[in-house]
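Engineer: Fold the following and give me the result.
(one chain, ligands or ions: 1)
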Amino acid sequence: MSVFSKIKEAFVKSEDKDKYLSGLDRSKKSFGDRMRALSNNFHGIDDDLLEQIMVILLESDVGIHTAQKIVDAFESNGKHVKDYDSMLDYLISILYDFYDESSDEPIKINEEGPTVILMVGVNGSGKTTTSAKLIQYYKEQGKKVAVAAADTFRAGAIDQIDTWANRLGVPCIKGKMNQDPSSVLVDACRYAKENDVDILICDTAGRLQNKTNLMNELSKMHRVVQREIEGAPQEVWLVLDATTGQNGISQAKVFLEATDVTGIVLTKMDGTAKGGVVLAIRDLLHLPVRFLGLGEKPADLRPFDINAFLMGITKGIEE
Ligand SMILES: Nc1nc2c(ncn2[C@@H]2O[C@H](COP(=O)(O)OP(=O)(O)OP(=O)(O)O)[C@@H](O)[C@H]2O)c(=O)[nH]1
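Structural biologist: Below is the predicted model:
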């Protein structure tokens with residue numbers, strides 16, 4: 001079976017396919033629909049086609065460095081491609097190989113006690129909303145969930161997550177405005193241990209004042225959580241706003257230098273045509289994309305699925 005057939009088969013079986021299709025509609029317009037337009041004038045893989053694919057990738061926010069690598073891979077192995085349809089199948093399989101999910105570790109779960117997930121990222125990236133979405137996601141999996149409101153910096157952040165926690169029926173461990181976020185995390189870890197919580201989601205502050213302060217704050221959070229629960233934090237997820245595209249990647253690099261990030265959550269994918277940023281993130285940050293935010297409601301989060309993503313951004317091709 002060809003790579004493309006496998007992608008398509010996995011997509012058809014996916015429970016999340018409708019959500020991916022609706023959430024990625026804008027990216028489909030910038031990528032899939034524009035690829036489809038190339039069928040009118042297809043003469044095989046020539047310089048003109050390569051240039052057009054390059055432009056479409058750039059306009060989907062894949063970024064020049066990553067787009068060049070993809071076009072090079074496409075060109076060097078594409079001798080067998082004779083018609084437009086097989087060219088598209090082949091391009092999708094190149095993107096699939098490029099993402100290379102086989103190198104990803106599964107999400108770490110602590111079997112002995114609470115699994116601690118630290119949410120980091122700049123203010124406004126969607127951290128608090130994503131924390132709420134994760135509460136719902138893990139609750140639906142039958143897990144006992146609690147949340148720590150450790151963003152003690154932004155006015156309103158504590159109330160925002162507290163309100164979500166109440167609505168979703170999970171405990172919220174919170175501090176006061178301007179309290180040291182690490183002290184909130186200590187209380188939350190102790191609560192989680194005493195109450196047999198499976199998943200503790202920690203909404204932290206997104207201050208990007210300067211790298212040294214950010215590093216100090218994040219390493220302190222790591223330290224205190226580690227002291228309370230062995231092996232914690234099991235996951236540190238950097239929340240990035242997809243609508244900021246390549247700028248988000250520069251921001252991400254500052255966080256990566258400051259702490260051990262284990263995965264990316266890409267929010268607001270429904271609000272952007274820049275879905276190609278997934279490929280740039282993978283190429284430049286070498287981290288797994290763990291979840292996609294495909295809307296504002298708690299139910300609008302989906303585990304990242306490369307098959308569904310690729311079919312979501314190219315579905316227009318099929319119609
Ligand atoms: N359309 C859409 N909007 C989203 C998504 N995720 C978050 N938002 C919106 O983005 C805005 C910012 O989200 P917040 O969760 O408050 O951002 P934050 O990073 O927690 O911000 P701070 O609390 O300031 O750190 C809100 O209006 C959210 O509703 C998403 O996946 N899709």
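
Engineer: Going by C-alpha atoms from here, please, whenever you check contacts or count neighbours.
Structural biologist: Fine.

Engineer: The residue nearest to the spatial centre of the chain is in what secondary structure piece?
Structural biologist: For the chain, the residue lying nearest the average C-alpha position, counting by CA atoms, centre = their mean, turns out to be Val265 (2.8 Å). Val265 is part of strand 263-267, with elements assigned from DSSP states H and E.

Engineer: wait, what's in contact with the residue nearest to the centre of the chain?
Structural biologist: For Val265, the contacting residues are Trp237, Leu238, Val239, Leu240, Val289, Arg290, Phe291, Leu292, Gly293, by CA atoms under 8 Å, 6 or more residues apart in numbering.

Engineer: Which strand residues bridge it?
Structural biologist: In this structure, Val265 bridges to Val239, Phe291 when assessed by DSSP bridges.

Engineer: How confident was the prediction at it?
Structural biologist: Per-residue pLDDT puts Val265 at 97.

Engineer: what's the spacing between it and the ligand?
Structural biologist: Going from Val265 to the ligand by CA to the nearest ligand atom, to the nearest Å gives 10 Å.

Engineer: residues making contact with the helix-or-strand element of the chain with minimal mean pLDDT?
Structural biologist: Least confident element among the helices and strands of the chain, by mean pLDDT, DSSP states H and E: helix 245-258 (a mean of 86). Residues outside helix 245-258 that contact it (CA under 8 Å, 6+ apart) are 61, 63, 121, 211-212, 214-215, 218-219, 238, 240-242, 261, 274, 277, 281, 285.

Engineer: Wondering if it reaches the ligand at all.
Structural biologist: No - figure legend: helix 245-258 not in contact with the ligand (CA under 6 Å from any ligand atom); closest approach 12.6 Å.

Engineer: ok, and for that helix, which residues are buried?
Structural biologist: For helix 245-258, the neighbour count (16 or more other CA atoms under 10 Å) marks Gly245, Gln246, Gly248, Ile249, Ala252, Val254, Phe255, Ala258 as buried.

Engineer: Out of the contacts of Val265, which is nearest to Asp100?
Structural biologist: Minimum distance to Asp100 across the contacts of Val265 is 11.5 Å, recorded for Val289 (CA to CA).

Engineer: how close does the closest one sit to Leu240?
Structural biologist: 10 Å (CA to CA, to the nearest Å).

Engineer: Neighbour count for these two, which is higher?
Structural biologist: Applying other CA atoms under 10 Å to Val289 and Leu240 shows that Leu240 carries more neighbours, namely 28 against 25.

Engineer: Tell me, how many residues neighbour the residue nearest to that one when sequence neighbours are not counted?
Structural biologist: Counting by CA to CA, 6 or more residues apart in numbering, Leu240 lies nearest to Leu266, which is 5.0 Å off, once chain neighbours are set aside. A total of 29 residues lie near Leu266 under the criterion other CA under 10 Å.

Engineer: now swap in the one 10 residues further on and tell me
Structural biologist: As a burial measure, the neighbour count of Gly276 was computed by other CA under 10 Å and equals 26.

Engineer: Quick check, pLDDT for it.
Structural biologist: The predicted local distance difference test score for Gly276 is 92.

Engineer: swap in Lys79?
Structural biologist: For Lys79, the pLDDT comes out at 78.

Engineer: do the one 4 residues further on as well
Structural biologist: Confidence per residue is given as pLDDT, and for Asp83 that number is 89.

Engineer: need the contact list for the closest residue to it other than its chain neighbours.
Structural biologist: Distances taken as CA to CA, 6+ apart place Gly44 nearest to Asp83, at 6.7 Å, with adjacent residues excluded. By CA under 8 Å, 6+ apart, Gly44 lies in contact with Val81, Lys82, Asp83, Tyr84.
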